[in-house]
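[1] Quick one, what's the 3D model for this:
(one chain, ligands or ions: 1)
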Amino acid sequence: MRITDVRATTVTVPLQAPLRHSNGAHWGRFVRTLVEVETDNGLVGLGEMGGGGESAEAAVRALRDYLVGHDPARTEALRFMLANPTASLYNNRTQLLAAIEFACLDLQGQHLGVPVHDLLGGRVRDRVEFASYLFFRYPSADGDGEVRTAEQLVEHASRLRRAHGFRVHKVKGGVFSPDYELECYRALAEAFPGDRFRYDPNGALSVEEAVRFARGIEDLPNDFIEDPTFGLNGLRRVREKTSLAIATNTVVVNFEQLAANVRDPAVDVILLDTTFWGGIRPCVKAAGVCETFQLSVAVHSSGELGVQLASMLHMGAVVPNLSFAADAHYHHLVDDVIDGGKLTYVDGAIEVPSGPGLGVRLDGDKVAEYAELYRELGGYPYDRDPGRPGWYPLLPNADFADPTVPGSTWNEARL
Ligand SMILES: [Mg+2]
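    Numbering: from 1, shown residues only. Predicted coordinates for the structure are as follows:
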């Protein structure tokens, strides 16, 4: 089997409502680039990466010369062909490598008639549990879906709990002041006794504020506190002053950083992202290192459609030391580009695909529809808040949004 072509299509898929975070917002939709790798035996492998447009499509096209003629079974060679560590000082291709790696694993699985998890040591679980991943949200174009107050957050979580069966709830914070978000978090824990909780302000807090927040929730059933402040040294200082487990998806995202964290621990739970780490296989390797040093792991979400979600499910299926529920933005999407529509949650978990390869295929009509929507709307700046024009945060941030100001809709969100 040899690669004969590679192509990319940028799509944008609407969200139920714009998602707010410490740097800005997802403006009512996700922009993702779908990658298709073709082979001489007529198979098509699927990949996906964040962002998109001309530059993403061109970056994938530029790999054509590297990939044509390559055997997709040689995934380890890909790492050095596309992202040799010293060459990567000049060309940061980790995200591209990840998308191509998903596609090559998909091709191997299809070729052999086995699911990707069988290529990775075989599954140790059939379903992967997910957290509810709760965001403060602006209202959607029709005025629904706002999450700003503690009452709205509890109501939102309650609906998701009923619809999908979540028993673990993650609050994406760093939007409002830590005191306000602490109240919201405590209200949530009070509303759902027996469930578990986690808080992630994307590193926005100072060490001292992070310690104060952590101490303010120590009596609750927390999984962990995620990136309460930015940086390994900051997290180490927080860890020394709280009984909570510390998690990160920001400062342990490669093997160099993982080694640093093993030698001088700052983080207890490593959140593995199949894109940030350059593919599913590096995540499985990292999980092995974590198992050796008895660090915990979980699955990180950087925003996904069905192809990326499949990569997370196959990774989650084979990692024995998956200690916590996975994260996904997926339930905020109104649709997907895969055949059969969105994968479904049952009792808070999604079944690991069992078909050959990644086990998901593209729905051509949906891809065309959302590629057209992308051409119509273009991208959006993830690090700008449409409700706070001109604002950008310092790190640590001290200028949080005002929770007494109701969110309004704006043209960009009118999909
Ligand atoms: Mg995070």
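[2] Tyr330 is in contact with Lys342, correct?
    Yes. If you go by CB atoms under 8 Å, Lys342 and Tyr330 touch, sitting 7.3 Å apart. All C-beta spots, glycine's among them, are computed from the backbone N, C-alpha and C.
[3] more crowded one of those two?
    Neighbour count, other CB atoms under 10 Å: between Lys342 and Tyr330, Tyr330 has more, with 23 against 17.
[4] give the contact list for that one.
    Applying CB atoms under 8 Å, 6 or more residues apart in numbering to Tyr330 gives the contacts Phe130, Ser301, Glu304, Leu309, Lys342, Leu343.
[5] I would like the residues contacting the helix or strand hosting Ile225, please.
    Element membership for Ile225, per DSSP states H and E: strand 222-226. Outside strand 222-226, the residues that touch it by CB under 8 Å, 6+ apart are 131, 168, 170, 196-200, 210, 213-214, 217, 238, 242, 244-249, 268-269, 271, 324-325.
[6] Leaving out chain neighbours, which residue sits closest to the residue most central in space within the chain?
    Nearest to the geometric centre of the chain sits Ser301, at 1.4 Å (CA atoms, centre = their mean). Leaving aside its chain neighbours, Ser301 sits nearest to Asp327 (4.2 Å; criterion: CB to CB, 6 or more residues apart in numbering).
[7] and that neighbour, how far is that from Val352?
    As judged by CB to CB, to the nearest Å, Asp327 and Val352 stand 16 Å apart.
[8] When these two are compared, which one has more neighbours?
    Asp327 (26 against 22).
[9] right, and the more buried one touches Ala131 too?
    Yes. Applying CB under 8 Å, one finds Asp327 in contact with Ala131, separated by 5.6 Å.
[10] Return every residue with contacts to both of those two.
    Lys170.
[11] Now do the contacts for the closest residue in space to Arg361 that isn't next to it in sequence.
    By the measure of CB to CB, 6+ apart, the closest residue to Arg361 outside its immediate chain neighbours is Asp339, 4.6 Å from it. Residues in contact with Asp339 (CB under 8 Å, 6+ apart) are Val360, Arg361, Leu362, Asp363.
[12] how about 10 Å then?
    Gly306, Val360, Arg361, Leu362, Asp363, Gly364, Lys366 (CB atoms under 10 Å, 6 or more residues apart in numbering).
[13] Most neighbours among those residues, please name it.
    Gly306 (30 neighbours).
[14] and the gap between that residue and the ion?
    Distance from Gly306 to the ion, counting by CB to the ion, to the nearest Å: 21 Å.
[15] Check Leu295 too.
    For Leu295, the distance to the ion - CB to the ion - is 16 Å.
[16] Can you report phi and psi for that residue?
    phi -90, psi 150 (degrees, to the nearest 10).
[17] Tell me how far it lies from Leu395.
    25 Å.
[18] I would like the residues contacting the least confident helix or strand in the chain by mean pLDDT, please.
    Lowest by mean pLDDT, DSSP states H and E among the helices and strands of the chain is helix 54-61, with a mean of 92. By CB under 10 Å, 6+ apart, the residues outside helix 54-61 that reach it are 5-10, 31-37, 47, 49-52, 67, 91, 93, 95-96, 99-100, 379.
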